[in-house]
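J.: Need a 3D model of the sequence below.
(2 chains)
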Amino acid sequence: MTASPPHKEFLAGVRDQLPLLLGVVPFGLIFGALAISAGVPPLAAQGFSLVIFAGSAQFIAATMVGSGALPGVIVFTILIVNLRHALYSASLAPHLAHLPRRWKLALSWLLTDEAFAMASARYRRGDLSQAHWYLLGTGMTLWASWQVSTSLGIALGTRLPEKLPLDFALPLTFLALLRPNLVDLPSWAAAAAGGLLAVLLGGLPFKLGLVLASLAAVGIGLAVQRLSSRGDASESV
Amino acid sequence: MVVALGGLATYLIRLSFIALIPHERLPAAFREGLRFIPPAVLSAIVLPELVLRDGALALSLDNHRLLAGVVAALVAWRTRSTWLTIGAGLLALILLSLL
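T.: Residues are numbered from 1 along each chain as shown, chains lettered A, B, ... in the order given. Okay, the predicted model is just below:
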């Protein structure tokens, strides 16, 4: 297979990201509206999206600002809620290792749940020599739509005509992107364990359940891989 | 202040393995486990959204998100299309709410 030119990879990333906007744009609108109603000044609300660029952490932080939490506590909470990004960083690191530093700095900046999910599917297929342009395309599309939707939410406030269950579009996207990652018995085991443990740990605050479930599930995937490769000689890819 | 420090903390977490910690220094088992991060995390994000309602397990036919999720999973499996998966799941959820 020949490598696609950078601009084609970039545009493919933009195009593949479009369905996610169905979930991301309403999320951004609601964030903008919620931050204003929690008493966050408009510029700071936009600053959350510009600088932190992580939906769940922004929601929790804006709510905490509204309830008068101490700044140090809010920063610490943001840190905990975003710990899962370390998993994404570890997962993508081998694919990005050959890139110049400026690429690593830029792609890390754009690393979100959605970008990671798209990347995990991209790195399962085709020629990978220009795949970083694909990541840049997905990341910049997300970033731009997050800024615009936040601004609109700030401007429109709580007057959002929100009856459609568009928030459901995000889990549905992750479901679609889970599919190409189920390639053998160990990856199925990791997915099954991750899902079940996340349900069991669902009561933990600050997305800690997600982080702990994912870490344990990676261990279970490894264990199943060791057991099954001991059982027969056909090594999984 | 909260924005700047929260942003810095988030950025450092995102940079961690990509730019701060050299990959070769990591133990072999860690590197071998990396390929399980996507299935583990994506499933851990999705399943609670389908089976938990207000923090409690809801494995009944009244849980429309679970039913719509099953429809979407079948579509994802057959078509491998993100658009069709989202479309089928949302459509199922809207139709169930009209019943």
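J.: Going by C-alpha atoms from here, please, whenever you check contacts or count neighbours.
T.: Fine.
J.: So the longest helix seen in chain A, near chain B or not?
T.: Counting residues, the longest helix found in chain A (DSSP state H) is helix A:6-37. Yes - applying C-alpha under 8 Å from any C-alpha of the partner chain, one finds helix A:6-37 in contact with chain B at A:Pro19.
J.: Just after that helix, pick out the following helix or strand.
T.: Next along the chain after helix A:6-37, taking DSSP states H and E as the criterion, comes helix A:42-47.
J.: And that following helix, how far out from the chain middle?
T.: Relative to the chain's own centre, helix A:42-47 is displaced by 22 Å; criterion: C-alpha atoms, centre = their mean, to the nearest Å.
J.: In terms of secondary structure, what does the helix or strand following that helix contact?
T.: Downstream of helix A:42-47, the next assigned helix or strand under DSSP H and E is helix A:55-66. Under the contact criterion of 3 or more C-alpha pairs under 8 Å, 6 or more residues apart in numbering or on different chains; DSSP states H and E, helix A:55-66 touches helix A:6-37, helix A:71-81.
J.: Check which helices and strands the longest one sits against.
T.: Translated: helix A:6-37. Judged by 3+ C-alpha pairs under 8 Å, 6+ apart, helix A:6-37 is in contact with helix A:42-47, helix A:55-66, helix A:113-122, helix A:131-156, helix A:169-178, helix B:82-98.
J.: Let's have these in JSON lines, adding mean pLDDT and mean neighbour count.
T.: Listed next are the helices and strands packed on helix A:6-37 as JSON lines, based on pLDDT from 0 to 100; neighbours: other C-alpha atoms under 10 Å in any protein chain shown:
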{"stretch": "helix A:42-47", "mean pLDDT": "94", "mean neighbour count": "19"}
{"stretch": "helix A:55-66", "mean pLDDT": "88", "mean neighbour count": "20"}
{"stretch": "helix A:113-122", "mean pLDDT": "93", "mean neighbour count": "22"}
{"stretch": "helix A:131-156", "mean pLDDT": "95", "mean neighbour count": "22"}
{"stretch": "helix A:169-178", "mean pLDDT": "88", "mean neighbour count": "26"}
{"stretch": "helix B:82-98", "mean pLDDT": "90", "mean neighbour count": "19"}
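J.: can you tell me which residues contact A:Leu178?
T.: A:Ala117, A:Ala121, B:Pro38, B:Pro39, B:Leu42, B:Ser43 (C-alpha atoms under 8 Å, 6 or more residues apart in numbering or on different chains).
J.: surely A:Phe10 meets A:Tyr134?
T.: Yes - contact status for A:Phe10 versus A:Tyr134: in contact at 4.5 Å, counting by C-alpha atoms under 8 Å.
J.: in chain A, which segments are predicted with low confidence?
T.: Low-confidence segments of chain A, defined by pLDDT under 70: A:1-3, A:158-163, A:231-237.
J.: try 50 this time
T.: A:1, A:235-237 (pLDDT under 50).
J.: A:Pro5: neighbour count?
T.: A:Pro5 has 12 neighbours, counted by other C-alpha atoms under 10 Å in any protein chain shown.
J.: likewise A:Ala192?
T.: 20.
J.: In contact with it, which residues?
T.: A:Ala217, B:Ala40, B:Ser43.
J.: got the angle for the helix or strand it falls within vs helix A:169-178?
T.: Using DSSP H and E, A:Ala192 falls within helix A:185-200. Between helix A:185-200 and helix A:169-178, the angle comes out at 160 degrees (axes from the mean of the first three to the mean of the last three C-alpha atoms, to 10 degrees).
J.: Shouldn't B:Leu12 be within a helix?
T.: Yes - judged by DSSP: H, G, I helix; E, B strand; the rest coil, B:Leu12 forms part of a helix.
J.: and it, what pLDDT?
T.: Note for B:Leu12: predicted pLDDT of 95.
J.: Go ahead and flag the most central residue of chain A.
T.: A:Asp113 (0.4 Å; C-alpha atoms, centre = their mean).
J.: quick one, what contacts it?
T.: A:Asp113 touches A:His85, counting by C-alpha under 8 Å, 6+ apart.
J.: Could you report the distance from it to B:Trp77?
T.: Distance from A:Asp113 to B:Trp77, counting by C-alpha to C-alpha, to the nearest Å: 21 Å.
J.: what about the strands in chain B?
T.: B:52-53, B:56-57 (DSSP state E).
J.: Redo those strands as TSV? Include mean neighbour count.
T.: TSV is the format used below for the strands of chain B (neighbours: other C-alpha atoms under 10 Å in any protein chain shown):
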stretch	mean neighbour count
strand B:52-53	16
strand B:56-57	14
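J.: Identify whichever of these lies nearest to chain A.
T.: Evaluated over those, closeness to chain A peaks at strand B:52-53, with 7.2 Å, by C-alpha to the nearest C-alpha.
J.: The closest one close to chain A?
T.: Yes - legend: contact between strand B:52-53 and chain A by C-alpha under 8 Å from any C-alpha is shown at B:Leu52.
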